[in-house]
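what would the 3D arrangement of this be:
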Amino acid sequence: MNYTITITETQKKAMEYVAADVDTWITNFTEVRANQAIQEIVSLLVAHCNANSIALAVGQDLQVDQAYKLGIVKSGADRNAEAEELENV
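Numbering: from 1, shown residues only. From the prediction side, this is the model:
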């Protein structure tokens, strides 16, 4: 999947100061953070499945899907929408 970001010229210069290759740095950061999130999700799923005698899906892709389907995790957008709804009550 590809994402495009837009930064100012000043932000680009600042990133060039801290990274030898800005594109590689952004890609690496995103991949590392996504992999951390996968591990967090799988850990939550395994604990939930063990506590509730639910068969665990096989493979990380299916496990992440299972965690969403079971409502163990929600997207950040969904969590933000729920928080806004609570604020407006």
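
tell me how many other residues crowd the nearest residue to residue 42 once chain neighbours are set aside.
Counting by C-beta to C-beta, 6 or more residues apart in numbering, residue 42 lies nearest to residue 63, which is 5.1 Å off, once chain neighbours are set aside. Placement of C-beta: from N, CA and C, glycine included. When counting by other C-beta atoms under 10 Å, one arrives at 19 neighbours for residue 63.

what's the separation between residue 32 and residue 85?
Computed as C-beta to C-beta, to the nearest Å, the residue 32 to residue 85 distance reads 32 Å.

er, residue 62 actually
Counting by C-beta to C-beta, the gap from residue 62 to residue 85 is 30 Å.

so what secondary structure elements neighbour the helix or strand in which residue 80 is found?
Using DSSP states H and E, residue 80 maps to helix 76-87. Helices and strands touching helix 76-87, as assessed by 3 or more C-beta pairs under 8 Å, 6 or more residues apart in numbering; DSSP states H and E, are absent.

gap between it and the chain center?
Mean-position distance between helix 76-87 and its chain equals 17 Å (C-alpha atoms, centre = their mean, to the nearest Å).

same question, stretch 1-20
In terms of C-alpha atoms, centre = their mean, the centre of stretch 1-20 is found 21 Å from the chain centre.

how far does that stretch stretch from start to finish?
End-to-end distance for stretch 1-20, by C-alpha to C-alpha, to the nearest Å: 24 Å.

ok, residue 41 - contacts?
Shown in contact with residue 41 (C-beta atoms under 8 Å, 6 or more residues apart in numbering): 63, 64, 67, 72, 73.

helices and strands of this structure: which one has the lowest mean pLDDT?
The helix or strand of the chain with the lowest confidence, counting by mean pLDDT, DSSP states H and E, is helix 76-87 at a mean of 93.

residues in contact with it?
residue 74.

C-alpha coordinates for that helix, PDB please?
What follows is helix 76-87, C-alpha atoms only, in PDB (Å, rounded to 0.1, in the frame of the first residue of the first chain):
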ATOM      1  CA  GLY A  76      -7.900   5.000  16.000                       C
ATOM      2  CA  ALA A  77     -10.600   6.700  13.900                       C
ATOM      3  CA  ASP A  78     -13.300   4.600  15.500                       C
ATOM      4  CA  ARG A  79     -12.000   5.300  19.000                       C
ATOM      5  CA  ASN A  80     -11.900   9.100  18.300                       C
ATOM      6  CA  ALA A  81     -15.500   9.000  17.000                       C
ATOM      7  CA  GLU A  82     -16.600   7.200  20.100                       C
ATOM      8  CA  ALA A  83     -14.800   9.700  22.300                       C
ATOM      9  CA  GLU A  84     -16.500  12.600  20.400                       C
ATOM     10  CA  GLU A  85     -19.900  11.000  20.900                       C
ATOM     11  CA  LEU A  86     -19.300  10.700  24.600                       C
ATOM     12  CA  GLU A  87     -18.200  14.400  24.800                       C
END
